[in-house]
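Colleague: Predicted model follows, preceded by the sequence.
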Amino acid sequence: MPETSRRLLRFEQFEFSPLELWLQRGDERTVLQPKVAQTLEILADRHGRLVTKEELFDLLWPAAIVNEEALTQLVRKLRKALGDDPHLPRFIETIPKRGYRFFPDVTVGSEPGGPRFESPRELAVNDIASVGTGAPETPPARVGARLPTRRWVLLTAAFAAVGAAALLAARLVRPSPTPALAIGRYSVRHLTFSSDWKKQDPCFSPDTRFVAYAANDPAEGQIDVFACPIGGNAVVRLTHTPAEEFFPQYSPSGDLVAFTRAAVGGHKDIWGVSPLGGDETLLVPDGAFGSWSPSGDEIAFVREEPGGAWRLVRRALASGAERSLCTVPATVSSLAWSPDGRTIAFADGRAMWRVDAGGGTPARVGAEARNIRALAWEPSSRSLLCDADWSGPSNIWRVDVEHGTAEPVTAATGAVFSPAVSRDGRSLVYVQEFKREQLFTAAADGSSPRALPLKATLRCVDVDPGGSLLAFTDDDPAVGPAASRVGLVPFSGQPMRYLAARQGSCPVFSPRGDVLAFVDTKGGRDGLWTLRLDEVQPRRVLVAEPAATLQRPAWSPDGKRLAVAAAGGREGSGLLLVEPGATAPQRLAAGDFGGTAWSPDGRWIAACGSSPRGSGLYLLDAGSRALRLISPKRSFAAAPLWAADSRSLLILVNERRRPTLVRLDLEGHELPGAVRFERPEVPGFWGIFDVQPLPGGSGWVFLLERYEADLFLLEANGTGPGSAAR
């Protein structure tokens, strides 16, 4: 282990002094116990690789024999100091039975004997002030130092503009070749961790030290513009108005950030603000999606015209003179002026287009795709990076401007969008958006939610009648694209048992708990399968029509039949009755239904969905096959649940702040006795989407979805991982 000296370790938003044992985030400083600090130092010095338990024991207790619980307690205290969740770790990953891995990149600096920054804003002020100068970094301010005055900032920005302009001219005359970003040739770094803020439109400062982006403040709702340094998580807010502000773009000199402001009523203008925030300047009235020319003296933008068409325009900032380039028939989602100044590209959601910077007819770039939200030029001006979902979830693609060929740059988990490329082409920043599932238990009244120690990729769970096992669907992307597996796990979390190496989902225990029914896709067609838990091989009891999708099935109370909804087949959608051993299923009702529930007395089958009668909660008489809509026009988040007496149902209404199981009678009237779940205090809470009762009315198991959308930095190094997946 390196000698402990007055060095300072920095990772993510933290600074750590191994000598003085303090850990600091922003203005908050925590003094660690010596062994906890030593554990952090060991892990940080070996960041990115496995540190075995044996290695930790040798370094922490070289002359003593201790049990494993001592190490577990140290790691637990360290996680608490870092605010790390062991089930969804950001800092310390547990490698079962082997050791631990420290996730973040760590940089080492010298310690001046105290905290370096008065606040995150002061960090950003000192860093942003030197954007584009090419000079050494400004020494960090001491505690209590005055923030720079606005005049000093403007003078610094003026000198920065001169330096950046010279640098830009040199690069335009003599471009330097750089290796293209490609899968397997980069490393990925998590830049922001405010997972409940929806982010969009990132852009690099000219020297690649900062990223400006737009994000919604959940407490206020509107979108504002922010900036953060690449080396840390100190965020500066550049705008703060009731209007929506988005699509920030640094000027080539780095002394101004242009952004679009959409006022109440939808009117849009383009404004400019200092990289530090403060006074604003109106750059383009009645315009949106402003992109700077390489020289910085013009802005290209779009202006909405009567009738819904858009016009692409360029405006000289000194004189205000405008030149119309072309008309755009569809809504523009992004705009970019090429580094060589010759071409302007834009996206309309389905395709990318380019037009000569002097005007003309737009030409499409590449094939049509879905959800092209943003584009960015590579330094050569010969290719564009864009987000699109040509195959599966959105990723970043490189598209050759002349030939239209496309190749993926990222291969990430979840949707990846809004690419921004650095001036040298070696760095890419983007937004990665995905949902994570987490299982919780709660008391009978919905209180005291507690997370279960299970994987974050489990969904569609069912509780066995004995209350000791969970059946689950696992959508782990590491298994393969669009793959899912069915398995069983005790409530304790270990060990997990997968039924078979097949694509299964929607498992449901029989009333006796000895048979599991589930949906499986084999040969491109959905099927309904059953498996006795004392056997190995499952048995197929239904093959769906081609292109039909099967939903979660429901057992009859005697365990002899199954009701299942099918959608999308040639014969239409409907509710089917399946009896294992029968030659064909019976069609109970036509319609598009989701998960079903069979009443304990066997008389009724409840299902949410739609039919020619409308959408809502339906009730089917299992004997007469009469179908009636009992609760129309309501949006329910899960399959219904029956009360033990078969006289009422519980159905989940997913209100963001307080998800509620509403109790309805057989006529659809709301009854007393609703269950209101306490909102689990986890970042990125999105809602509850599946609820199952525990035996005997003792409580509930529910599936919580967490929404995450953060900025990631991709850097070319030739040795990085083969995927941008986190």
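Modeller: Received the coordinates, thanks. Note that the coordinates shown come from a computational prediction; the quantities given were computed from them, not determined experimentally.
Colleague: going forward, measure contacts and count neighbours with C-alpha atoms only.
Modeller: Will do.
Colleague: Would it be right to say that Gly668 lies in a helix?
Modeller: No: checked against DSSP: H, G, I helix; E, B strand; the rest coil, Gly668 lies outside a helix; its state is coil.
Colleague: Return the residues in contact with it.
Modeller: Ile630, Ser631 (CA atoms under 8 Å, 6 or more residues apart in numbering).
Colleague: mind checking how far it is from Phe677?
Modeller: Noted for Gly668: a distance of 22 Å to Phe677, by CA to CA, to the nearest Å.
Colleague: Surely Leu71 is in a strand?
Modeller: No: applying three-state DSSP, one finds Leu71 to be helix, outside a strand.
Colleague: That one: what's it in contact with?
Modeller: For Leu71, the contacting residues are Phe57, by CA under 8 Å, 6+ apart.
Colleague: With Leu78 instead?
Modeller: Residues Val36, Ala37, Thr39, Leu40 are the ones in contact with Leu78 under the rule CA under 8 Å, 6+ apart.
Colleague: Low-confidence regions, the stretch 351-500 of the chain specifically.
Modeller: In the predicted model of the stretch 351-500 of the chain, residues 391-393, 412-414, 477-483, 500 satisfy pLDDT under 70.
Colleague: quick one: the strands in it?
Modeller: Listed in chain order, the strands of the stretch 351-500 of the chain (DSSP state E, counting those that start in this stretch) span 352-356, 363-365, 375-377, 383-388, 395-400, 406-408, 415-421, 427-443, 450-451, 458-463, 469-474, 485-490, 497-498.
Colleague: Give me the nearest residue to Arg29, chain neighbours excluded.
Modeller: Beyond its immediate neighbours in the sequence, the residue positioned closest to Arg29 (CA to CA, 6 or more residues apart in numbering) is Leu23, lying 5.7 Å away.
Colleague: Give the helix, strand or coil label for the one you found.
Modeller: Of the three states, Leu23 takes strand under three-state DSSP.
Colleague: just checking, it touches Val31?
Modeller: Yes: under the criterion of CA atoms under 8 Å, Leu23 lies in contact with Val31, with a separation of 6.3 Å.
Colleague: Neighbour count for the two, which is higher?
Modeller: The residue with the greater number of neighbours, taking Leu23 and Val31 and applying other CA atoms under 10 Å, is Leu23; the counts read 22 against 15.
Colleague: what sits against the more buried one?
Modeller: Counting by CA under 8 Å, 6+ apart, the residues that Leu23 touches are Phe14, Glu15, Phe16, Ser17, Arg29, Thr30, Val31, Leu32.
Colleague: per-residue confidence for it?
Modeller: Predicted confidence (pLDDT) for Leu23: 91.
Colleague: Beta-bridge partners for it, please?
Modeller: With DSSP bridges applied, Leu23 shows beta-bridge pairing to Phe16, Thr30.
Colleague: How far does stretch 348-357 stretch from one end to the other?
Modeller: From start residue to end residue, stretch 348-357 stretches across 18 Å - CA to CA.
Colleague: One more: stretch 636-643?
Modeller: Between the opening and closing residues of stretch 636-643 we find a distance of 17 Å, counting by CA to CA.
Colleague: and that stretch, what's its mean pLDDT?
Modeller: Along stretch 636-643, the predicted confidence averages to a pLDDT of 85.
Colleague: Also stretch 575-582?
Modeller: Mean pLDDT, taken over the full extent of stretch 575-582, equals 85.
Colleague: chain center to it, what's the gap?
Modeller: When C-alpha coordinates are averaged (CA atoms, centre = their mean, to the nearest Å), stretch 575-582 and its chain have centres 40 Å apart.
Colleague: So for it, what gets flagged as buried?
Modeller: With burial defined by 16 or more other CA atoms under 10 Å, the residues of stretch 575-582 counted as buried are Leu575, Leu576, Leu577, Val578, Glu579, Pro580.
Colleague: Export these as CSV, with columns for secondary structure.
Modeller: Written out in CSV, the entries for the buried residues of stretch 575-582 read as follows (three-state DSSP):
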residue, secondary structure
Leu575, strand
Leu576, strand
Leu577, strand
Val578, strand
Glu579, coil
Pro580, coil
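Colleague: Distance to Ser615 for these - can I get that in JSON lines?
Modeller: Below are the buried residues of stretch 575-582 laid out as JSON lines (distance: CA to CA, whole Å):
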{"residue": "Leu575", "distance to Ser615": "15"}
{"residue": "Leu576", "distance to Ser615": "19"}
{"residue": "Leu577", "distance to Ser615": "21"}
{"residue": "Val578", "distance to Ser615": "24"}
{"residue": "Glu579", "distance to Ser615": "28"}
{"residue": "Pro580", "distance to Ser615": "30"}
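Colleague: Leu542: which of the residues you listed is nearest?
Modeller: Looking at these and their distance to Leu542, the nearest is Val578, at 7.3 Å (CA to CA).
Colleague: what about that closest one, distance to Ala444?
Modeller: Computed as CA to CA, the Val578 to Ala444 distance reads 33 Å.
Colleague: before we move on, what about Phe491?
Modeller: Distance from Phe491 to Ala444, counting by CA to CA: 17 Å.
Colleague: same deal with Thr530?
Modeller: Using CA to CA, one gets 31 Å for the distance from Thr530 to Ala444.
Colleague: These two: who's more crowded?
Modeller: Neighbours per residue (other CA under 10 Å) separate Thr530 from Ala444, with Thr530 holding more: 21 against 17.
Colleague: For the more buried one, name its beta-bridge partners.
Modeller: Partner residues in beta bridges with Thr530, using DSSP bridges, are Ala517, Arg539.
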